[in-house]
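>>> I'll drop the sequence and a predicted model, then ask my questions.
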Amino acid sequence: MAEEAEPQAEATVLTSDGAQVEAPSLPAEGTVVEAEPDPEPTPAEVLSATLQTVVEQHGAPTQTAFDLGYTSSTRLTGLAYAQLIDFDLDGTDELLVAYSTSDVGGPFDYVDYQVELWGVQDGEARLLLTETPHCGGGGNLMGVTVLDGRPYFLTGKGSADYDYRLYGLSDGQLVSRTVYRECEDPAYASAEIDGAPASLEDADAFLARIHEGATYAELDHRTGTGADALAITQETLATLGVA
């Protein structure tokens, strides 16, 4: 008479609170177990890594001040500007950065900067724009403005004679706008808006709209302090957890 097989006791494990529960079953011998794919990084994690790379390549924000007696002169070098802005209004921020590409020099020397706009696509950083800000008589002028409810990065120079470029995003694509006026004297002046001839009145009115909605960052200025740009940059570094 064949002996009956004794029933095997179920494997159990103890939990941290002392309870005894059934152990999880193991896959059969020879079964190939596929590893779980790594989760896609969040947009904030992608932009954090991007900003960390900029700091590593160009240096942390550094402000240098010169006392000229009658006025002050300041320079921001390294990572000079960083701000999170939802340029295409899709609910996800892009990262606007500016970093120095030349040394501080003396109190009357200007620092050169490079501006980059980064977005996130399919879990990876995407460079949307690279631009060199205009350098006018008062230094590099750059900032952010709002036209018709949409934010734009802007760079420009001049007030009577002027040249401004604006960059925004729409459906993930770069959108640019320009306004230009040559010669202050109306008898000889000419103007353009978005590359097309325009009246002086229309160009001046468009520039007024740009200024009305703009926040400027003085990265390199003989009378400004650059404190606004530095404060925005430090806040962005803290938000993205970049040391």
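Yep, that arrived.
>>> neighbours of residue 147, how many?
17 (other CB atoms under 10 Å). From N, CA and C alone the C-beta is placed, and that goes for glycine too.
>>> check contacts around it.
Residue 147 makes contacts with 166, 177, 209, 210, 213, as judged by CB atoms under 8 Å, 6 or more residues apart in numbering.
>>> what's the answer for residue 190, then?
Counting by CB under 8 Å, 6+ apart, residue 190 makes contact with 181, 182, 183, 197.
>>> whichever of the contacts of residue 147 end up buried, select them in ChimeraX.
Here is the ChimeraX selection string for the buried members of those, based on 16 or more other CB atoms under 10 Å:
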select :166,177,210
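>>> out of the contacts of residue 147, the closest to residue 40 would be?
Nearest to residue 40, judged by CB to CB, of the contacts of residue 147 is residue 166 at 32.3 Å.
>>> my read: residue 93 touches residue 86, true?
Yes. Using CB atoms under 8 Å, residue 93 is in contact with residue 86, at 5.1 Å.
>>> ok, of the contacts of residue 190, which come out buried?
residue 181.
>>> helices and strands around the longest helix seen in the chain, which ones?
Ranked by number of residues, the top helix in the chain under DSSP state H is helix 43-58. Other helices and strands packing on helix 43-58, by 3 or more CB pairs under 8 Å, 6 or more residues apart in numbering; DSSP states H and E, are strand 79-85, strand 94-100, strand 113-121, strand 124-131, helix 227-240.
>>> for those, which one ends up most surrounded?
Of the helices and strands packed on helix 43-58, the one with the most neighbours on average (mean count of other CB atoms under 10 Å) is strand 94-100, at a mean of 24.
>>> packing partners of that one?
Secondary-structure packing of strand 94-100 (3+ CB pairs under 8 Å, 6+ apart): helix 43-58, strand 79-85, strand 113-121.
>>> low pLDDT regions in the chain?
Counting by pLDDT under 70, the chain contains low-confidence residues at 1-18, 21, 23-28, 30-31, 33, 35, 70-72, 134-141, 218-227.
>>> okay, and residue 145 sits in which element?
Element membership for residue 145, per DSSP states H and E: strand 139-147.
>>> so how far is the next helix or strand after that strand off the chain centroid?
Following strand 139-147 in sequence order, the next helix or strand is strand 150-157 (DSSP H and E). Here strand 150-157 shows a centroid-to-chain-centroid distance of 13 Å under the convention CA atoms, centre = their mean, to the nearest Å.
>>> in stretch 189-203, what's buried?
Neighbour count says stretch 189-203 has 191, 193, 198, 203 buried, by 16+ other CB under 10 Å.
>>> ok, the third one to residue 80 distance?
According to CB to CB, to the nearest Å, residue 198 and residue 80 sit 33 Å apart.
>>> and if you look at the last one?
Computed with CB to CB, the distance linking residue 203 and residue 80 is 30 Å.
>>> now for the helices and strands packed on helix 43-58, which one comes closest to residue 172?
Distance to residue 172, taken as CB to CB, is lowest for strand 113-121 among the helices and strands packed on helix 43-58, at 7.4 Å.
>>> what about the closest one, distance to the chain center?
For strand 113-121, the distance to the chain centre is 6 Å (CA atoms, centre = their mean).
>>> who does it pair up with?
Note on strand 113-121: by DSSP bridges, its sheet partners are strand 94-100 (antiparallel), strand 124-131 (antiparallel).
>>> my read: residue 95 touches residue 118, true?
Yes. If you go by CB under 8 Å, residue 95 and residue 118 touch, sitting 4.4 Å apart.
>>> what touches both of those two?
Common neighbours of residue 95 and residue 118, counting by CB under 8 Å, 6+ apart, are 47, 50.
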